[in-house]
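*Asks:* One predicted model, sequence on top.
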Amino acid sequence: MANKQRNSARKGRIFIVHPTLERMLLSCDNRKSVAFKVNVDKSNFADSCKLKKDLHLSTYARCAAAFGKEVLVLQVPQGLIEKIVEVKPHISGRCYTIQEESLTQLLNELFDLEATQLCKCVTDLFSEIKNVGKTTEMKLLLRHLAGALIKASEEYAE
């Protein structure tokens, strides 16, 4: 039994942010047109979207492209994902899924985003918006954003 646990730890695990390609395929009305976007036969496309053993990243990326998605591979320390977010095993048993909202929590923990970094990002965003134009609508948008940020910072400080 101990051998089996060591082997599974060595293999590692794959986590996919929900929805999986299989789920997108199931909710798709016209599979043929989606498969056509990446020049793949409909039956081969459906098979390629399934999370099966030894699925190549290039195949997964090609299927994702058909749905207008890209694939991001991110290595994280073992145990971090389950410590932060709820994990569900995929029906294939080959991977695990997490909800899209949970990805933000995970990234915050992983990269240890500080409030100062966030403020810098917001400041950079405001600079970009100002460079775009000084229309009345833009000024109004900036006022609303500034008010929302001040309110959020006050709530955060409490």
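*Replies:* It's in. Residues are numbered from 1 along each chain as shown.
*Asks:* and Phe67, what does it touch?
*Replies:* Contact analysis of Phe67 by C-beta atoms under 8 Å, 6 or more residues apart in numbering lists Leu21, Met24, Cys28, Val34. C-beta coordinates here come from the backbone N, C-alpha and C atoms, glycine included.
*Asks:* Restricted to helices, list these.
*Replies:* Leu21, Met24, Val34 (DSSP state H).
*Asks:* so can I have a markdown table of these showing pLDDT and neighbour count?
*Replies:* Listed next are these as a markdown table, based on pLDDT from 0 to 100; neighbours: other C-beta atoms under 10 Å:
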| residue | pLDDT | neighbour count |
| --- | --- | --- |
| Leu21 | 88 | 21 |
| Met24 | 90 | 17 |
| Val34 | 90 | 21 |
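*Asks:* I'd like to know which of those is nearest to His56.
*Replies:* Leu21 (13.3 Å; C-beta to C-beta).
*Asks:* so what's the closest one closest to, chain neighbours aside?
*Replies:* Cys49 (4.3 Å; C-beta to C-beta, 6 or more residues apart in numbering).
*Asks:* where's the one you found relative to Arg62, distance?
*Replies:* 10 Å (C-beta to C-beta, to the nearest Å).
*Asks:* Between those two, which is the more surrounded one?
*Replies:* Ranked by neighbour count (other C-beta atoms under 10 Å), Cys49 and Arg62 place Cys49 first, with 28 against 18.
*Asks:* My read is that the more buried one contacts Glu22, right?
*Replies:* Yes. Taking contacts as C-beta atoms under 8 Å, Cys49 lies within contact range of Glu22: 5.6 Å.
*Asks:* Same list, the contacts of Phe67, but as a markdown table with distance to Glu82 please.
*Replies:* Putting the contacts of Phe67 into a markdown table (distance: C-beta to C-beta, whole Å) gives the following:
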| residue | distance to Glu82 |
| --- | --- |
| Leu21 | 23 |
| Met24 | 25 |
| Cys28 | 31 |
| Val34 | 33 |
